[in-house]
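Q: one predicted model, sequence on top.
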Amino acid sequence: MQPTAQQLLDYFNEKVASVRNSTGNTEPTTVLPPAAAVLDHFDECSSEDVRNVIVSGTSKSCALDPVPTTIVKQFLPELIPYLTAMCNTSLQQDCLPESQRCAIITPRLKKPNADPEDVKNYRPVSTLHLCLKLLSGWFVVA
């Protein structure tokens, strides 16, 4: 029998707590030199930047997205001004809207032949909102 959602949640929470406990009071093992550059602002993205990120990305959608990515791609010329404004507003305000700060977490077996009854054989996979994908794509492009 496969583990329940509660069993998986408990296992992942215990794993995170264990890592925190084992590293919480540890001294840093490396010393980094001072940063040569200062990140004090983000450059705005252009409509073309947003279009390139969407066109080059997959058409996978998150169930939390208000519109499937395939529809966004289909109506891209009409949606580009709004998507660009949404991305730039998030960059200017240094935050994502509250509605974009969640993901759907799906437990996936680490290996195809792993025992599906053992919670240790699962890893959490996050499905992100289109807005977050756009912004992360922008950082890769920039």
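A: Cool, the structure landed.
Q: what's near enough to touch the residue most central in space within the chain?
A: The centre of the chain sits closest to L128, judged by C-alpha atoms, centre = their mean, with a distance of 4.9 Å. Counting by C-beta atoms under 8 Å, 6 or more residues apart in numbering, L128 touches 62, 103, 136. Just so you know, the C-beta spots here come from the backbone N, C-alpha and C atoms, and that holds for glycine as well.
Q: cool, and E98?
A: So E98 contacts nothing (C-beta under 8 Å, 6+ apart).
Q: now do it against L79, distance only.
A: Counting by C-beta to C-beta, to the nearest Å, the separation of E98 from L79 is 21 Å.
Q: how near is C45 to N52?
A: 10 Å.
Q: the two: who's more crowded?
A: Per other C-beta atoms under 10 Å, whichever of C45 and N52 has more neighbours is C45, with 23 against 15.
Q: I'd like to know how far the more buried one sits from K73.
A: Per C-beta to C-beta, C45 is found 18 Å from K73.
Q: tell me which of the contacts of L128 fall in strands.
A: If you go by DSSP state E, the contacts of L128 have nothing in strands.
Q: do you have the helices of the chain handy? List them.
A: 5-23, 47-56, 69-74, 76-93, 130-141 (DSSP state H).
Q: can you say which of those is nearest to K110?
A: helix 5-23 (12.8 Å; C-beta to C-beta).
Q: run the chain-centre distance for the closest one.
A: Relative to its chain's centre, helix 5-23 lies at 20 Å (C-alpha atoms, centre = their mean, to the nearest Å).
Q: lowest-pLDDT helix or strand in this protein?
A: Within the chain, no helix or strand scores below helix 130-141, which has a mean of 67 by mean pLDDT, DSSP states H and E.
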